[in-house]
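Participant: What follows is a predicted structure for the sequence shown.
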Amino acid sequence: MATMDDDARALLAAIEALDVDPPNAALRFTDRLAREQGWSRRHAVAVDREYRRFLYLAATIDHPMTPSDAVDQAWHLHLTYTRSYWDDLCGRILRRPLHHGPTPGGRDAKEYYHDRYSATLARYAAVFGHAPPAAIWPAPERRFAIQGMRVDRSKTLVVEKRTLALTALPLAAMLTTAAFPLAGLMPVILTVTIAAVVIAALRAARRKKRDHDGECDLDFGDDDGVDGCSGCGGD
């Protein structure tokens with residue numbers, strides 16, 4: 001970690017010690033973050049730690065900083081805890097506002113936030129003495145390359161494209177089989193399809209939990225709209 005003066009160490013310690021939750025909260029901030037993002041609690045706690053480091057970086061430099069997608073989700077959630085964010089964090093600890101500035105969109109904005117994110121990674125390494133964890137702070141190309149959207153998983157079954165492709169292979173073979181009429185194959189086709197999708201979904205869920213608990217890269221990023229939200233030091 002780079003050498004910090006007493007004021008810098010005190011600021012970082014205060015940010016890390018900030019209790020986001022209101023008194024007697026039944027669902028803690030990290031538990032809510034895990035539930036809303038579909039993460040393990042262990043991963044949510046790690047993201048919360050990185051979010052607080054991002055807050056420190058954003059508060060100690062005079063130009064905008066851009067978080068990773070995971071850190072940005074923690075930031076979005078913290079903003080809903082208005083007393084904690086505006087009164088405790090900005091008012092008592094930072095003593096100035098730290099605004100969340102969403103991208104205006106477009107190609108120019110994508111390039112701008114790509115550069116700001118790269119600068120944020122470099123600043124992180126310079127301040128903390130090591131590169132940020134790749135599972136939470138992916139490389140810029142990965143951060144901004146993947147198109148994503150949020151879905152209600154209680155109503156929607158999410159299956160990867162590659163899983164659908166693998167499922168389609170045996171179905172195609174069955175459809176091209178001339179030994180049986182197509183009508184006779186339909187019950188078998190439906191059974192195989194449903195079984196394959198369910199198995200694929202279970203495997204994807206296990207893989208996602210393993211990745212979140214380990215050091216695997218996660219899928220972060222957005223389309224050309226670029227959710228490259230940038231925190232500035234205030235107006």
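Facilitator: Looks like it came in fine. Residues are numbered from 1 along each chain as shown.
Participant: how many neighbours does residue 4 have?
Facilitator: The number of residues packed near residue 4 is 15, by other CB atoms under 10 Å. All C-beta atoms are positioned from the backbone trio N, CA, C, and that covers glycine.
Participant: do residue 107 as well
Facilitator: Other residues lying near residue 107 total 9 when counted by other CB under 10 Å.
Participant: now it: how far from residue 115?
Facilitator: Using CB to CB, to the nearest Å, one gets 13 Å for the distance from residue 107 to residue 115.
Participant: Walk me through the domains of the chain.
Facilitator: With domains defined by automatic domain parsing, the chain comprises 6-148+219-231, 161-213.
Participant: Export only the CA atoms of the helix or strand that contains residue 32, formatted as CSV.
Facilitator: Element membership for residue 32 (DSSP states H and E) is helix 29-37. Coordinates of each C-alpha in helix 29-37 appear next as CSV, following Å, rounded to 0.1, in the frame of the first residue of the first chain:
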residue,chain,number,x,y,z
PHE,A,29,-26.8,-4.2,3.4
THR,A,30,-24.6,-7.0,2.2
ASP,A,31,-27.4,-9.6,2.4
ARG,A,32,-29.7,-7.3,0.4
LEU,A,33,-26.9,-6.8,-2.2
ALA,A,34,-26.4,-10.6,-2.5
ARG,A,35,-30.1,-11.2,-2.8
GLU,A,36,-30.7,-8.5,-5.5
GLN,A,37,-27.7,-9.5,-7.6
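Participant: Residue 77 sits in which helix or strand?
Facilitator: Using DSSP H and E, residue 77 falls in helix 69-80.
Participant: Which is the succeeding secondary structure element to that helix?
Facilitator: Next element after helix 69-80 (DSSP H and E): helix 82.
Participant: How about residue 78: what's its closest non-neighbour residue?
Facilitator: residue 85 (5.4 Å; CB to CB, 6 or more residues apart in numbering).
Participant: pLDDT averaged over stretch 15-35 - what is it?
Facilitator: Stretch 15-35 shows a mean pLDDT of 96.
Participant: mind listing what's buried in it?
Facilitator: 15, 18, 20, 28, 29, 30, 32, 33, 34 (16 or more other CB atoms under 10 Å).
Participant: Same question for stretch 110-119.
Facilitator: 110, 112, 113, 114, 116, 117, 119.
Participant: Secondary structure and pLDDT for the residues you listed - can I get that in JSON lines?
Facilitator: Output for the buried residues of stretch 110-119, formatted as JSON lines (DSSP: H, G, I helix; E, B strand; the rest coil; pLDDT from 0 to 100):
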{"residue": "110", "secondary structure": "helix", "pLDDT": "86"}
{"residue": "112", "secondary structure": "helix", "pLDDT": "92"}
{"residue": "113", "secondary structure": "helix", "pLDDT": "93"}
{"residue": "114", "secondary structure": "helix", "pLDDT": "93"}
{"residue": "116", "secondary structure": "helix", "pLDDT": "95"}
{"residue": "117", "secondary structure": "helix", "pLDDT": "96"}
{"residue": "119", "secondary structure": "helix", "pLDDT": "97"}
